[in-house]
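Visitor: no sequence for this one, just the structure:
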């Protein structure tokens, strides 16, 4: 039967023929035959009988084509509609994310009832619409298939009912009496409702002890204000008002950043629009090379244990305290820097900030406070509110003592992972097993669960009701976005049960706690408003002005100097304290300075490495007080000599498949006395280890990729950045007319970007970017669409660094478009370089031709191994790419289209500037990335592009990128020599 | 010296040629036969309940938007929930055996399993609301659904077919109020009406890849 005849039959509208599937289906064919021939052929007209026979014949012939019909797909609507829920249209809910004491308000996007993306809450004063990398990655934690899903007793399956019974019988006042042997261990409590329930618990068991333990602890600042002002106060630093900032081992832009608001404030003073603008000046004194150090105009390398002495010298020079020891053993460089800093601070009295980092001693913090006081900064750039969170003190050490002395019969570990995060200087395991009731309510089957006889699944913060209070007092309700996936309960609910609290469900407890404080008539409306806004109005604390009396200050004694090598324990950029070990996004997020993924490394300076004869990857042995561990060494330019930086939170043993075998556990050599800085013996270890970095190269190969200059140079020659290369302006094809309609462009301010990687994680979350694993990253196959390149300059010992985010440049004259053999990448009339994944055949010519190397190829089917549950984290508005397909940054085209369609629905109006925000732009705490319409001269991006600092990357290749950069400026003190007085080329 | 005799050489060449033609012919046949206009047009699957649009939308005059209520605001034109059916059928024909699956679904709170008729590949992101708002009627893509006893796909919905309209939308646009009037016939030249709408609403359907592929 010819194809033409098939067509004719189709045209006559005979139903059965169209569906080849039905034809091949024997049963269907049968029923058709039976229906069509009920009493013979006289029902059929004329020659249609011949048609039927033709059909019959052809159906057998083409039965093989049946498989070519598509498979049956079902559509399953809800039985009863849910108000506001439109399938496919996301909803947004405000909640709050807390990490130790750092609380930020977040807005979570929810697709069809499951949370898929975290953004910052613009209403929250500490987040200002920005979310940190940790908050973004927490989505994947929610869907971690290796979470605790089962109540377990004695390593056997149990149930919540059995637990409830156990509480009634064994964990009751009848059994436990006054609670003499009861200990509760939690993370720092930032939840006012939980504090209330805790009070009820301690009222029930009056002799029980409640320990709040955090591996990452900022005790110094509160204890210091006790020493200096006689009351516990929380300092707040207003970087937007400061002309000079001196950081004493405080990575306040990075690891030690309390909130995105701090970064936002600081970057406001770095944005120089024209040569007349002033810029702030940042001095950093630190041992490791942090991102704050990369932003610094002057960086003094110093062992962390010497920084207290530096603070003391600074205090003495500023007349704060007399009779202090001179900064002994300091290099000439450090001396000179000190004097220059002193002069600079005196010039900007009342407009400066001196801040000590959390790893420094209480004395260093106190000295910093006193210096701020002397400079008149208090009340201007440094303000105080009453401290909400007390220092941990030695409660954990006391707990360990109690356990070893067998005074504990019941230990309730609610949340966190105290067994892993505890400093292991103390031996607790043997005694631990003798505790009768060891209960752990936790996120995963971690080290603490392994030691417990009751394991209870914890509801993650996205699944549970709660609240949190930030350090400035702003309180927010934490509302769940999804039912607990594994039937878990929150810390609040379990504590309420153990305390015999009047209410048991999280919702009831939180609502009751807050509404009880409001007048009856306003309760419902204020509750709703708090949920809607994400902040509870009226909770932010007012600043207090403490009275200062120099004579009443009780300065703690100076710490002993560490004459030999020291080890500095820092929290990990990606792991924090270990809680993100099974989170693939975080494992693959490179450390901003070392660019190491899937591991931590012991960072040593080039001089120390030379002394020990070590190179990258060699094992380094660290011994503290008889305990030792080995870690892979990494030579870090700019690291202080005789100082080893070792991130904590790695080397976990009881962890899922993602976190297994990653990194080295620093807690083994960490003690409660020397939690942050410790004397250490370093020696060469055994063997080598493969450390994988995403950036092998440190240099720019002679091309001006990152363009920076001292601000004086900029003032003399504002267009220095553009003038570094000669950009051709011709094309043999002629140029496309981009003068009409929306034309999308982006400007990235290198002066603002701190390199925190929040944009990287946000992009990964928004665009369904897979994690590929350590082995694939070692082959250069990481899939991040935006990467941060870090370039060092100067000599290896005293390096400077600049970080540059690199998404797809969306070139107008794209080299990738002209070489695609199947036209899978084309240019849109709005200036975007489009990628049609279904057309791509994987020649990778486009990747080859891209001078920026921003394209990513799916060498393997990276989504194949992804567990079912993690699919729930995917964004349904973006295609999931399979093996053999090229992908790259799309300027979040799904967001562009969404907003364009929304504008059409709202009466075909024009789009407003700032309405479309790319994922990277939305979360950047420094507002370094600006996206918008370059055809609109009033848009933020147009204004940035018209600044003299603006330059295009690799403009000499004539790609005409839509993403341009604003050159980096440094503001060196004219008294101090910088290693790079003139403009560098890498 | 030639390897084979002239006769064998001729046989070999003929067979190769025939295989080549056969392969090309097969490829052409396969390409043609796997095109949406062959495979998808006319797809009329059996549904769990013999819901007749002809009865409800045609004879009873129910508006498309009553059931497919999200189509003006969202990308998906939602198949109605069981509750929407029960709005009437709790009283209308409450004992009908044909409606038993609906009643069971409502009682047991278990979704109805309708068979999807119009399906686009996963890498295509189609937005109904943009089209409705521009003035594209349901009939342009779905045909006279109000005359269908069983829903049938009448248009191929292939990329080429979509681009035909995207490149020249004037013929398929009408005032938004008339979008669900599937039997509407314009009183004057439809292209002229379309052109007016394009000018008034500044309609510019995307023809670049990112318009639909994200």
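Guide: Ah, there it is. Every value quoted in this text rests on a predicted model; they were computed, and no experiment measured them. Numbering: from 1, shown residues only, chains lettered A, B, ... in the order given.

Visitor: can you give me the strands in the stretch 801-950 of chain A?
Guide: A:825-827, A:833-835, A:856-857, A:886-887, A:929-933, A:950-951 (DSSP state E, counting those that start in this stretch).

Visitor: closest one to chain B among those?
Guide: For chain B, the closest of the strands of the stretch 801-950 of chain A is strand A:833-835, at 3.9 Å, according to CB to the nearest CB. Any C-beta I mention is one placed from the backbone N, CA and C, and that applies to glycine too.

Visitor: Surely residue A:80 is in contact with residue B:82?
Guide: Yes: between residue A:80 and residue B:82 there is a contact at 7.2 Å, judged by CB atoms under 8 Å.

Visitor: Which residue of the two possesses the greater neighbour count?
Guide: Just comparing residue A:80 and residue B:82: by other CB atoms under 10 Å in any protein chain shown the higher neighbour count belongs to residue B:82, 25 against 12.

Visitor: where's the more buried one relative to chain A, distance?
Guide: 4 Å (CB to the nearest CB, to the nearest Å).

Visitor: Ramachandran coordinates for that residue?
Guide: phi -60, psi -30 (degrees, to the nearest 10).

Visitor: which ones are touching it?
Guide: A:77, A:78, A:79, A:80, B:102, B:105, B:106, B:111, B:112 (CB atoms under 8 Å, 6 or more residues apart in numbering or on different chains).

Visitor: Next, work out how far apart the residue lying closest to the fifth one once chain neighbours are set aside and residue B:112 are.
Guide: Just to be clear, that refers to residue B:102. Of all residues not flanking residue B:102 in the chain, residue B:85 sits nearest, at 5.0 Å (CB to CB, 6 or more residues apart in numbering or on different chains). Between residue B:85 and residue B:112 the distance is 8 Å, computed by CB to CB, to the nearest Å.

Visitor: residues contacting the spatially closest residue to residue A:854 that is not a sequence neighbour?
Guide: Spatially, and ignoring its direct neighbours in sequence, residue A:854 is nearest to residue A:808 (4.7 Å; CB to CB, 6+ apart). Going by CB under 8 Å, 6+ apart, residue A:808 touches A:785, A:833, A:852, A:854, A:855, A:888, A:889, A:890, A:891, A:963.

Visitor: Now the most centrally placed residue in chain B: closest residue in space that isn't a chain neighbour?
Guide: Taking CA atoms, centre = their mean, the centroid of chain B lies closest to residue B:118, which sits 4.2 Å from it. Setting aside the residues directly before and after it, residue B:118 is nearest to residue B:153 in space (CB to CB, 6+ apart), at 5.6 Å.

Visitor: Next one: the one you found, what pLDDT does it get?
Guide: Residue B:153 is assigned 94 on the pLDDT scale.

Visitor: what's around it, how many residues?
Guide: 21.

Visitor: Please report phi then psi for it.
Guide: phi -80, psi 120.

Visitor: Would you confirm that it contacts residue B:44?
Guide: Yes: applying CB under 8 Å as the test, residue B:153 and residue B:44 come out as touching, 7.4 Å apart.

Visitor: Which residues are in contact with each of the two?
Guide: Common neighbours of residue B:153 and residue B:44 (CB under 8 Å, 6+ apart) are residue B:117.

Visitor: Report the rounded mean pLDDT for the helix or strand containing the residue nearest to residue B:102.
Guide: In the assignment (DSSP states H and E), residue B:85 maps to helix B:82-89. Helix B:82-89 comes out with an average pLDDT of 94.

Visitor: From the contact counts, what lies against the following helix or strand past it?
Guide: Reading on from helix B:82-89 to the C-terminus, the next helix or strand found by DSSP H and E is helix B:100-108. Here helix B:100-108 touches helix B:82-89, going by 3 or more CB pairs under 8 Å, 6 or more residues apart in numbering or on different chains; DSSP states H and E.

Visitor: May I see the buried residues of the helix it packs on?
Guide: B:82, B:84, B:85, B:86, B:89 (16 or more other CB atoms under 10 Å in any protein chain shown).

Visitor: my guess is the second one meets residue B:68, correct?
Guide: No: with contact defined as CB under 8 Å, residue B:84 does not count as touching residue B:68 (9.6 Å).
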